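1. Turn this into a model:
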Amino acid sequence: MTGKSIANDTDHARPLAIEWITDEDRFAELAAVWDGLLPDDASPFDLHGWYSNWWKAFEGSGRLAVCATWRGEELEGVFPLIRSGNRLGALANQHSSLFRPLARNQAAMEGLAAAVIEAIPGSFELAPLPSGDPSVAVLEHALGRARMLNFAESLHTSPIVETDGDFEAWRVASKQRWGAPLERFRRKMGRDHEARFEILELPQDLEAELDVGFVVEGSGWKGRAKTAIVSTPETERFYRGVARAFHARGELRLSRIVLDGAVAAFDLCLLYRNRLYLIKTGYDERFSKLAPGLVLRLSTIERCFELGYEAHELLGEDSEWKLKFATTERRHVVLRAYRRTPLGAGRYWYRAMVRPRLKSAYRSLRPKAR
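-> Prediction:
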């Protein structure tokens, strides 16, 4: 751990103390006060437990560099970052559904942003930031004041199913997009198989249920593409750690469709502040004619309506199967910044100017689908 340094702050009687945390034990000590900063729109990805499990799994990605700002004994803000070479970036990767700094108020966010930007060695990259989040505007303004070359680029859009209304109204509006007779498939499962629908249940034997679920999640195309949970020890360690942490909080939910004793489809979800987040899902391709993954999604959404949840967040990119059910979305951006050096200017020019044009030219040359 490094000590706290004092920054001038004329807006408050007490000076702002900046602490850069590079030690895992000190990082763990922040858990309670970190979670005390959560805003009204907090998600599970804002929690200290999410980041601590990420670090335990992926610490080989760089060096821990969490910026914490204090006013006296009160934590004002936290910025979970990682340092790799000349780059400072988000404590996040492709397994992170959302990333953002946390602060007590607007002034605290501005102080936090200024502290981090002053410490950027060469380049800065944050993703996936929720587009429109107040922190994005604060960061862009602070980067401009620091005369850093910066730009925000669209990243991906995550579909969301709003479930705080009437299920029948949603069903009628979305059914034409399903692309398959999912309700008939569900009835057929019960008629032709010994079927069990275990929807949004608390695990009874967590490790055993994860073992089976992870096998199903990795049994199809995800396994072949090596994107499944069990594809790497680091990835499996991360998802097991997250499952254990949220199970201890009472916020883990598992769903399964079991046909003749075999798990045909599996979900790992987090239930947080009355919203259900789909962390991982998969199905056994032996049952693909019954579309078990889509049937599980329909059954889960129906259950969300019954329980009065606000929404079922499908997370990740707007894949075709997610759009069959979604009613709204959340957009994400990546924010990049570079010091005004020859190397930084070159990287900025390539990322902001050249690369988008190359991508556009590539798309225009691809044969159109028929």
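
2. The residue nearest to the spatial centre of the chain sits in which helix or strand?
-> In the chain, the C-alpha nearest the mean C-alpha coordinate belongs to Ser97, at 1.3 Å (Cα atoms, centre = their mean). Using DSSP states H and E, Ser97 maps to neither a helix nor a strand.

3. Now do the contacts for it.
-> 43, 45, 128, 158, 277, 279, 315-316 (Cβ atoms under 8 Å, 6 or more residues apart in numbering). (Glycine included, C-beta is placed from N, CA and C.)

4. Please indicate which of the residues you listed are buried?
-> For the contacts of Ser97, a burial check counting by 16 or more other Cβ atoms under 10 Å picks out 43, 45, 128, 158, 277, 279, 315-316.

5. tell me which of those is nearest to Ala107?
-> Ser43 (23.3 Å; Cβ to Cβ).

6. about what we covered before: among the buried ones among the contacts of Ser97, which lie within strands?
-> Using DSSP state E, the subset of these located in strands is 128, 158, 277, 279.

7. would you list every one of the strands in the stretch 51-200 of the chain?
-> Remark: strands assigned in the stretch 51-200 of the chain by DSSP state E, counting those that start in this stretch are 63-64, 66-71, 74-79, 81-84, 87-90, 102-103, 123-130, 149-162, 195-201.

8. where does the stretch 1-150 of the chain dip in pLDDT?
-> Counting by pLDDT under 70, the stretch 1-150 of the chain has low-confidence residues at 1-13.

9. my guess is Pro292 meets Ile257, correct?
-> Yes: contact criterion Cβ atoms under 8 Å: Pro292 and Ile257 qualify, at 5.3 Å.

10. The residue nearest to Tyr338 when sequence neighbours are not counted and Met148, how far apart?
-> Take Tyr338 and drop its neighbours on the chain: the residue closest to it by Cβ to Cβ, 6 or more residues apart in numbering is Gly344, 3.5 Å away. Separation of Gly344 from Met148 (Cβ to Cβ, to the nearest Å) stands at 8 Å.

11. residues shared between the contacts of the two?
-> With Cβ under 8 Å, 6+ apart as the test, Gly344 and Met148 both reach Tyr338.

12. Check which helix or strand Trp50 maps to.
-> helix 48-58.

13. what angle do that helix and strand 66-71 make?
-> Counting by axes from the mean of the first three to the mean of the last three Cα atoms, to 10 degrees, helix 48-58 lies at 150 degrees to strand 66-71.

14. how far does helix 48-58 sit from the chain's center?
-> Counting by Cα atoms, centre = their mean, to the nearest Å, helix 48-58 is centred 12 Å from the centre of its parent chain.

15. before we move on, back to that, check the strands of the stretch 51-200 of the chain for me and report the most buried one.
-> Ranked by mean neighbour count, those are led by strand 102-103 with a mean of 24 (mean count of other Cβ atoms under 10 Å).

16. I'd like to check what contacts that one. Which residues are they?
-> Contact with strand 102-103 is made by 34, 37-39, 46, 69, 76-79, 109, 111-112, 135, as judged by Cβ under 8 Å, 6+ apart.

17. so which of those would you say is closest to Gly250?
-> So of these, ranked by how close each gets to Gly250 (Cβ to Cβ), first place is Leu38, at 16.9 Å.

18. Find residues that contact each of Pro292 and Ile257.
-> By Cβ under 8 Å, 6+ apart, the residues touching both Pro292 and Ile257 are 189, 264-265.

19. Of those residues, which is the most crowded?
-> For these, neighbours were counted using other Cβ atoms under 10 Å, and Ala265 has the most, 28 neighbours in all.

20. Quickly note the distance from it to Arg147.
-> 52 Å.

21. Contacts only, for Ser96.
-> Under the criterion of Cβ under 8 Å, 6+ apart, the neighbours of Ser96 are 45, 54, 90, 128.

22. next one: Leu270
-> 44, 242, 246, 251-253, 276-277, 279.

23. Tell me which helix or strand it sits in.
-> Short version, using DSSP H and E: Leu270 is in strand 262-272.

24. Using JSON lines, lay out the strands of the stretch 51-200 of the chain together with distance to Tyr350.
-> JSON lines is the format used below for the strands of the stretch 51-200 of the chain (distance: least, Cβ to Cβ, whole Å):
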{"stretch": "strand 63-64", "distance to Tyr350": "26"}
{"stretch": "strand 66-71", "distance to Tyr350": "28"}
{"stretch": "strand 74-79", "distance to Tyr350": "26"}
{"stretch": "strand 81-84", "distance to Tyr350": "19"}
{"stretch": "strand 87-90", "distance to Tyr350": "15"}
{"stretch": "strand 102-103", "distance to Tyr350": "32"}
{"stretch": "strand 123-130", "distance to Tyr350": "12"}
{"stretch": "strand 149-162", "distance to Tyr350": "11"}
{"stretch": "strand 195-201", "distance to Tyr350": "46"}
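
25. now for those, which one comes closest to Ile18?
-> Short answer: strand 66-71, nearest of the strands of the stretch 51-200 of the chain by Cβ to Cβ, at 5.7 Å.

26. Can you list the neighbours in contact with the closest one?
-> For strand 66-71, using Cβ under 8 Å, 6+ apart, the contacting residues are 4, 12, 14-22, 27, 30, 75-81, 91, 103, 108, 111-112, 115-116, 119.

27. I appreciate the help and will end here.
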